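>>> Below are the sequence and a predicted model; questions follow.
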Amino acid sequence: MKRSLQPTEAPGATAFINARLVDPASGRDEPGGLVVTGAEIADLGPHLRRNAPQGAAVVDCDGHVLCPGLIDAQVYTGDPGQEHRETLKTASFAAAAGGVTTIVCMPDTEPVIDQVALVDYVQRRARERAIVHVHIMAAVTRGLKGEEMAEIGLLQRAGAIAFTNGKSSIASTRVMRNALLYARDFDALLVHHTEDPYLSNGAAMNSGEPATRLGLPGVHRFAEVIVLERDVRLVEMTGGRYHAATISCRESLDVVRRAKGKKLPVTCGVSINHLTLNENDIGPYRTRSEEDRVAMVRGLAVGDIDLIVSSHDPQDADVKRRPFAEAADGAVGLETLVPAALRLYHAGEVGLLPLLKAMTINPARLLGLDSGRLEKGAPADLVMIDLNTPWVVDRDHLRARSTNSPFDEQKMQGRVLRTMVAGRTVYQYGVSDRS
């Protein structure tokens, strides 16, 4: 049975004492406390480590990390059209359990989110059913076909915070150029999946010795690099804001570094899977070599990679229980995002501040959100994290509707203890009732 998570009513004031305050936006990492009043942070700092305001509900953090709630900028759901995979409600429950207080839903639904009415529909359903913040990344081309542009201006006015072609690359250079020009006029962010469809069609994993040994069709890393290099040239031509959704190889990181060196409006993200898994871990996700994984981790550590995303992409059993090459791509990731990321911290590969920065203030700034920071007056979107508790992932205890996880039965160290959204506790480890 899965846990039923319901938000508690926001009290007049809640005081978190005896915490390790970690705020990547300011560089803060110190013992202290924090007070929430209503939906905002009222006060924080070392002076509140042992002292709570009179009348406030007290939460003793027992020295655990208290940081801004995570923002996941790449979440696939089946809502609308494929609710058997995931609904906004179940995705939000999974997010809350994973310390993610804001999810950005991708437009790869049935129908595709490429019209104002569909943006309104998803926003309405999210308000009614979700227990975390839900934002929408609308389609940049109609039907995600890469042929005809969607109405970016109208979609942005309706509430879309960015635009993407989802899991599909825009093969036409002309369409991509026009999309960047059009988006620039609205100061809209264009997020692109960088993978040449002609080179990657039919591939099951990255090309290399493991693919050859297993007899699986592979895709060369240049399928990613070619599209990224083209896109950066188009950014240089148009001035449009551009984000490479998830890069996965050293050569792509070199392209991004050169673009940033030219002060172009280019950023990039990486999936947690590409940071923690390699081609020897092949399962429900296309992986890369260990050399590429290390390059991604180093790029994250020095700030060349801007975001970490879960790439939460639930798939039901019918499309996963097939021969490897025929199985659908995608895996759940919201609930394992924090413990998987902490693998990098415990291994000494990435410090805690840069690790959390890529999941809090960086996505907030990129997407124009007010959250992602610990500051007086900031939204009370918070997560408490135990960095050290060991545990084993059990797919039967995951809260997502689909449970195909690449980390199933793997040992983790560190987990989310409490999640607060707009001053309401939406998840508390060990307290939620089962249903």
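Cool, got the structure. Numbering: from 1, shown residues only.
>>> ok, so what distance separates the most far-flung residue of the chain relative to its centre from Gly423?
Distance from the C-alpha centroid of the chain, by C-alpha atoms, centre = their mean, peaks at Gln54 (37.6 Å). If you measure Gln54 against Gly423 using C-beta to C-beta, to the nearest Å, the figure is 19 Å. Bear in mind the C-beta positions are built from the backbone N, C-alpha and C, glycine included.
>>> Spell out the secondary structure type for the residue farthest from the centre of the chain.
coil (DSSP: H, G, I helix; E, B strand; the rest coil).
>>> and it, what are its phi and psi?
Phi and psi for Gln54, reported as degrees, to the nearest 10, are phi -60, psi 130.
>>> swap in Ala73?
Given degrees, to the nearest 10, the pair of backbone angles that Ala73 has is phi -90, psi 10.
>>> thought it was touching Ser310?
No. Here Ala73 does not reach Ser310: they are 9.2 Å apart, not a contact under C-beta atoms under 8 Å.
>>> now stretch 183-198: how far from the chain's centre is it?
Average the C-alpha atoms of stretch 183-198, do the same for its chain, and the two points are 17 Å apart (C-alpha atoms, centre = their mean, to the nearest Å).
>>> ditto for stretch 411-420
16 Å.
>>> Show me which positions of that stretch end up buried.
412, 414-420 (16 or more other C-beta atoms under 10 Å).
>>> Check what contacts that stretch and list those residues.
The contact list for stretch 411-420, computed with C-beta atoms under 8 Å, 6 or more residues apart in numbering, reads 14, 36, 59, 64, 69, 96-101, 132, 336, 338-340, 342-343, 345-346, 380-393, 425-429.
>>> mind running it again at 7 Å?
Here stretch 411-420 makes contact (C-beta atoms under 7 Å, 6 or more residues apart in numbering) with 64, 69, 96-99, 101, 338-339, 342, 346, 380-393, 425-429.
>>> So for it, mean pLDDT?
What stretch 411-420 shows for mean pLDDT is 98.
>>> Tabulate the CA atom coordinates of that stretch in PDB.
Taking C-alpha atoms only, stretch 411-420 is exported to PDB below (Å, rounded to 0.1, in the frame of the first residue of the first chain):
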ATOM      1  CA  LYS A 411      21.200   1.200  -1.200                       C
ATOM      2  CA  MET A 412      20.900   4.900  -0.500                       C
ATOM      3  CA  GLN A 413      22.400   7.200   2.200                       C
ATOM      4  CA  GLY A 414      20.200  10.200   3.100                       C
ATOM      5  CA  ARG A 415      16.500  11.000   2.700                       C
ATOM      6  CA  VAL A 416      13.900  13.700   2.900                       C
ATOM      7  CA  LEU A 417      12.300  14.000   6.400                       C
ATOM      8  CA  ARG A 418       9.800  16.900   5.900                       C
ATOM      9  CA  THR A 419       8.500  19.000   3.000                       C
ATOM     10  CA  MET A 420       6.700  22.300   3.400                       C
END
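>>> Just the buried residues out of the contacts of stretch 411-420, in PyMOL syntax.
In PyMOL, a selection of the buried entries from the contacts of stretch 411-420 looks like this (16+ other C-beta under 10 Å):
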select buried, resi 64+69+96+97+98+99+101+338+339+342+380+381+382+383+384+385+386+387+393+425+426+427+428
